[in-house]
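**Student:** Below are the sequence and a predicted model; questions follow.
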Amino acid sequence: MEINKINSAMSTEMGTSKSNRGTVQPLKPSSDVAKAAAVVSDDCKLIAHAKSRLEQLPDVDMNKVAEVRQSLIDGNFDLNLDKVTDAMVLQHG
């Protein structure tokens, strides 16, 4: 289907021309792009390595849990609310 009339100031040749205006050349990555890709690649490798190591760690530090449990049993658990507040603000903003 060929459109012969366009309701705008544009030329009809713009949308319906079948002339060869040249071939489109693919963009060649510049050296900056290649360097950035290498940095991202290195970062991805580092993250993947750290992720695998983190997956090996337990979710809960059971030694710390036992220490807190024992201090509660002994009655010498020290709860410093200022430190708790500071840690919460630091963690959550």
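**Tutor:** Arrived safely.

**Student:** From Lys83, how far off is Val60?
**Tutor:** Distance of Val60 to Lys83, given as Cβ to Cβ, to the nearest Å: 20 Å. (Each C-beta comes from the backbone N, C-alpha and C, glycine too.)

**Student:** Ok, Met62 next?
**Tutor:** In this view, Met62 and Lys83 are 22 Å apart by Cβ to Cβ.

**Student:** and if you look at Ile47?
**Tutor:** Ile47 is 31 Å from Lys83, by Cβ to Cβ.

**Student:** Quick one: find the helix or strand in this structure with the lowest mean pLDDT.
**Tutor:** Every helix and strand of the chain was ranked by mean pLDDT, DSSP states H and E. The lowest is helix 12-16, at a mean of 50.

**Student:** which element follows it toward the C-terminus?
**Tutor:** Sequence-wise, the next helix or strand downstream of helix 12-16 (DSSP states H and E) is helix 31-56.

**Student:** List the contacts of the helix or strand following that next one.
**Tutor:** Counting by DSSP H and E, the next helix or strand C-terminal to helix 31-56 is helix 62-74. Here helix 62-74 makes contact (Cβ atoms under 8 Å, 6 or more residues apart in numbering) with 77-78.
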